[in-house]
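Engineer: okay, sequence plus prediction incoming.
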Amino acid sequence: MPFQPVILATDALIYLLLALVLLFVWYARRHDHLVTPWRRVGRSRTAMGAAVVIAFYVLIGLLDTLHFRLAAGETENGEIRYSTEVHSVFDLLATPLRENNEKTYSAPFATHLYTKENIQLPDGSQVRDYPRLEYGGAHLADPHAERPMNIARLALLGLMAGLALFGWLMLLVFRFRQDRIKAWWVDPKRGPSRTAAMVFLSMLVLAGMSISLSSGYHILGTDKVGEDVFYQSLKSIRTGLVIGTLTTLVMLPAAVLLGIMAGYFRGWVDDLIQYLYTTLSSVPGVLLIAAAVLMMQIYMSNNQDEFNSLTERADMRLLFLCLILGVTSWTGLCRLLRGEALKLRQLEYVQAAQAFGVSHFTVLLRHVLPNVMHIVLIVVVLDFSGLVLAEAVLSYINIGVDPNTNSWGNMINSARLELAREPVVWWSLFAAFIFMFALVLAANLLSDVVRDAFDPRLRERA
Amino acid sequence: MMAYIIRRTIYAIPILIGVNLLTFLLFFVVNSPEDMARMHLGNKRVTDEAIQQWKHERGYDKPLAFNAESQGLGMLTDTIFYEKSLKLFVFDFGQSDSGRNIGHDISQRMWPSLAIAIPVMLVGLAVNISFSLMLAFFRGTYLDFWGVVLCVAMMSISGLFYIIGGQVLLGKLLNLVPISGYDTGINAWKFLILPVLIGVVSSIGSGSRWYRTLFLEEINKDFVRTARAKGLSENWVLFRHVLRNALIPILTGVVVVLPTLFMGSLLLESFFGVPGLGSYTIDAIQRQDFAIVRAMVFLGAVLYILGLLLTDISYTIADPRVRLD
């Protein structure tokens, strides 16, 4: 099927980020001092386990980033006309989840709708009862009797698939040599990789079970308009990752440049930059974001023609949110870098470079910048989880991502009123909770280890 | 000391001017009042008269920063910048877009905000210090390890879930406290229990973990070793030497947020329907009432700068080694 690739603004930035990471990996491989702290991270069991969990999130996020438009037919002169709807590779993989929509709420693993409706019986009379779902458990003839066994069977199937895949991958990694596996299993030095393997196994099993169960049920229920909550949670991953990473990416150039310039040049440059970040940081973050987002809403509602599609508009809003979150959060990093640059400019090698007549620009680039990069990395990693959490809060106040974008904040926002219902519609909240909790917890655990590995001050004390 | 405070206060003035200019730029230059009116009145089928009317009622029909039609000083004072931005400096917040007096609303609504924020801060401080002191006392044991794991797990839960969980569990399932609402005077207490409890619980994760690091930092210092070496009991060392020294960063961390307590908690207040400044701000954001948001931005900045000033002063009081320059 012909398709046309689409690169949204945030996609482009994700690709840029990916390229930067790969470039760094390629560069760091040949520089031992850059690899050493990462080896220290690799020796931590918590970090390795957390990294595996994050890798699963990143994989789904990346699949959800490859956007394209499918062909929708041909025009008269034989050109292919593309659909206006933008899809991602992930959408394609999850087509059944995306398309099998019910009428309204239904509980996880339910076979019947959450609300009663008038049902027309074959003999013409009407009863008021919970109608069967169109897709959830539709393959069962007698749901009440068959459902438990059917769920158990599907779960077992997924479990076996996960186990089998894991076993196959292990055999591949160890080239089908039993002695190597045994040696790996008892080697005390390989503990972290064993933890990683076990976490990987549980994630595979979880994935296998959810895929297998999703074929017959809505495993996390459906929301008000009948969309599958599991699908929404998975789609929200990209939003969360974009907010967590791109925010720091967009603020990084300004924060790093201004921070080291303030510390290195002192004098009026320092005063000016300090004034700039003190002013920005004295406005409470939420209010600054609110003000900026309100202004953006005005702009968008008055210039609706500039956006080709809803997706594009939602994407611009996501990017703008990253920008404005970046504006409110760069000040902390800038302050740290200024302090570090103040220290560095006193060091002998910087003064020697100055005495040799090396230009300020070169000194900054070659002597100051490489020596503050560990701080940048620590801040980037530490900020991630906070930003993911912030997204939820902002979306709750309606100043977050576009209401049409899938995000955990939007899921919470649309579900919170349903708690007043009887029985409680809890599954949307539960799904958002689980997905956010796993990501943020993994990020917190990993960032702790990364900070300990990169911060020499902490290392000396230990 | 006095000279230092005065100097710092003077230093705050350019920052406030910066904040003021920033809000002016954001609210009037990025989008003209015309755009704002269109947004409020609906995009389609809006007449020019209606827009002019809307702008006139709110005083947005004046020139931005320079009025060529006025005489003398009026050239500068009969403008949006003077009327809406400069007057913030004397805390004259003017009228909200729906015609209410913002200054009056703020003075009314700060009390419920404080009624939640102060207990949350005090109880949270007590709980966090006791919990982290316990972790520091049992450092290196399983209790410490699992305590830190608990802290990290609690940090990883969004504040929204603490509120929703607390409302469902205590309010709905157990029926112990009302889910939301507020009452005047002393009767408000039963509406305050749940928000305060949730505010404290949601602060335990990051708070206790941070305090624990502060305690451990002190425990590894030389004077603590000396205290132990001269035969003091571990309890005495912990409370007398470690706690007292670690309290310096803890208390200064509290002082910096003291003034901003007035602003209230956005989430707690809006979830529990408390008529404080937090819910006031959220309502304004959702109704797109720019006058209120502008006032709150400025007020927040003033209180934040005040907090920084108080922090510097409290450092000198808590720790005589710190000299102000």
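Structural biologist: All right, it came through fine. Numbers count the residues shown, from 1 in each chain, chains lettered A, B, ... in the order given.
Engineer: make it CA atoms for all contacts and neighbour counts henceforth
Structural biologist: Noted.
Engineer: which residues of the stretch 51-200 of chain B lie near chain A?
Structural biologist: For the stretch 51-200 of chain B, the residues in contact with chain A (C-alpha under 8 Å from any C-alpha of the partner chain) are B:152-153, B:155-161, B:164, B:168.
Engineer: just name the shakiest helix or strand of the chain by mean pLDDT.
Structural biologist: Answering for chain A, as no chain was given. Least confident helix or strand of chain A, by mean pLDDT, DSSP states H and E, is helix A:456-461 with a mean of 51.
Engineer: hm, I was asking about chain B
Structural biologist: Going by mean pLDDT, DSSP H and E, chain B bottoms out at helix B:74-77, a mean of 64.
Engineer: pick out the residue of the stretch 101-250 of chain A closest to chain B.
Structural biologist: A:Gly240 (13.0 Å; C-alpha to the nearest C-alpha).
Engineer: and that residue, how many neighbours?
Structural biologist: 27 (other C-alpha atoms under 10 Å in any protein chain shown).
Engineer: grab the nearest non-local neighbour of it.
Structural biologist: Counting by C-alpha to C-alpha, 6 or more residues apart in numbering or on different chains, A:Gly240 lies nearest to A:Val388, which is 5.4 Å off, once chain neighbours are set aside.
Engineer: how about B:Ala12?
Structural biologist: For B:Ala12, the closest residue by C-alpha to C-alpha, 6+ apart turns out to be B:Ile305, at 6.9 Å.
Engineer: check the gap between that neighbour and B:Thr311 for me.
Structural biologist: Distance check for B:Ile305 against B:Thr311: by C-alpha to C-alpha, to the nearest Å, it reads 10 Å.
Engineer: same deal with B:Ser32?
Structural biologist: Taken as C-alpha to C-alpha, the span from B:Ser32 to B:Thr311 is 39 Å.
Engineer: neighbour-wise, which of the two wins?
Structural biologist: Between B:Ser32 and B:Thr311, counting by other C-alpha under 10 Å, B:Thr311 is the more crowded of the two (20 against 17).
Engineer: list the contacts for the more buried one?
Structural biologist: Going by C-alpha atoms under 8 Å, 6 or more residues apart in numbering or on different chains, B:Thr311 touches B:252-253, B:255-256.
Engineer: next one: A:Ala415
Structural biologist: Per C-alpha under 8 Å, 6+ apart, neighbours of A:Ala415: A:425-426, A:428-429.
Engineer: just the element for it, please.
Structural biologist: Using DSSP states H and E, the element containing A:Ala415 is helix A:408-415.
Engineer: in the one helix or strand A:Leu257 maps to, which residues are buried?
Structural biologist: In this assignment (DSSP H and E), A:Leu257 forms part of helix A:229-265. Neighbour counts over helix A:229-265 (16 or more other C-alpha atoms under 10 Å in any protein chain shown) mark A:229-252, A:255-264 as buried.
Engineer: the next helix or strand after that helix packs against which elements?
Structural biologist: Using DSSP H and E, the helix or strand that follows helix A:229-265 towards the C-terminus is helix A:267-282. Helices and strands touching helix A:267-282, by 3 or more C-alpha pairs under 8 Å, 6 or more residues apart in numbering or on different chains; DSSP states H and E, are helix A:229-265, helix A:310-344, helix B:2-24, helix B:290-318.
Engineer: could you give the angle of helix A:267-282 to helix A:310-344?
Structural biologist: Computed by axes from the mean of the first three to the mean of the last three C-alpha atoms, to 10 degrees, the angle separating helix A:267-282 from helix A:310-344 equals 130 degrees.
Engineer: do whichever helix or strand comes after helix A:267-282 and chain B meet?
Structural biologist: Once the chain leaves helix A:267-282, the next helix or strand it forms, by DSSP H and E, is helix A:285-302. Yes. Residues of helix A:285-302 contacting chain B under C-alpha under 8 Å from any C-alpha: A:287-288, A:290-292, A:294-295, A:298-299, A:301-302.
Engineer: mark which of those residues are buried, thanks.
Structural biologist: A:287-288, A:290-292, A:294-295, A:298-299, A:302.
Engineer: quick one on the thing from earlier: in ChimeraX, how would I select the buried members of the contacts of B:Thr311?
Structural biologist: Listed next is the ChimeraX selection for buried residues among the contacts of B:Thr311, using 16+ other C-alpha under 10 Å:
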select /B:252,255,256
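Engineer: mind checking which helix or strand A:Pro5 is in?
Structural biologist: Assigned by DSSP H and E, A:Pro5 falls in strand A:3-6.
Engineer: so what's whichever residue of chain B sits closest to chain A up against?
Structural biologist: Across chain B, no residue is closer to chain A than B:Ala301, which sits at 4.6 Å (C-alpha to the nearest C-alpha). Applying C-alpha under 8 Å, 6+ apart, we find B:Ala301 in contact with A:282-284, B:16, B:19.
Engineer: for those residues, which one is nearest A:Gly216?
Structural biologist: A:Pro284 (48.0 Å; C-alpha to C-alpha).
Engineer: so what pLDDT did the nearest residue to that closest one once chain neighbours are set aside get?
Structural biologist: Leaving out its chain neighbours, the residue that sits closest to A:Pro284 by C-alpha to C-alpha, 6+ apart is B:Gly300, at 5.9 Å. As predicted, B:Gly300 sits at a pLDDT of 87.
Engineer: hmm, B:Val257 and B:Gly300 touching each other?
Structural biologist: No. Using C-alpha atoms under 8 Å, B:Gly300 is not in contact with B:Val257; the gap is 11.0 Å.
Engineer: please say which of those two ends up with more neighbours.
Structural biologist: For B:Gly300 versus B:Val257, neighbours defined as other C-alpha under 10 Å are more numerous around B:Gly300 (22 against 18).
Engineer: contacts only, for that one.
Structural biologist: A:282-284, B:260, B:263.
Engineer: rerun at 7 Å
Structural biologist: Taking C-alpha atoms under 7 Å, 6 or more residues apart in numbering or on different chains, we find B:Gly300 in contact with A:283-284, B:260.
Engineer: can you redo the residues you listed as a markdown table with neighbour count, distance to A:Val6 and pLDDT?
Structural biologist: Output for the contacts of B:Gly300, formatted as a markdown table (neighbours: other C-alpha atoms under 10 Å in any protein chain shown; distance: C-alpha to C-alpha, whole Å; pLDDT from 0 to 100):
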| residue | neighbour count | distance to A:Val6 | pLDDT |
| --- | --- | --- | --- |
| A:Val283 | 26 | 38 | 84 |
| A:Pro284 | 21 | 37 | 81 |
| B:Thr260 | 22 | 45 | 79 |
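Engineer: next, the residue nearest the centre of chain B: phi, psi?
Structural biologist: Residue closest to the average C-alpha location in chain B (C-alpha atoms, centre = their mean): B:Thr260, at 3.8 Å. With angles defined as degrees, to the nearest 10, B:Thr260 sits at phi -70, psi -10.
Engineer: where does pLDDT dip in the stretch 101-250 of chain B?
Structural biologist: B:185 (pLDDT under 70).
Engineer: same check on chain A?
Structural biologist: Ranges of chain A meeting pLDDT under 70: A:1, A:456-462.
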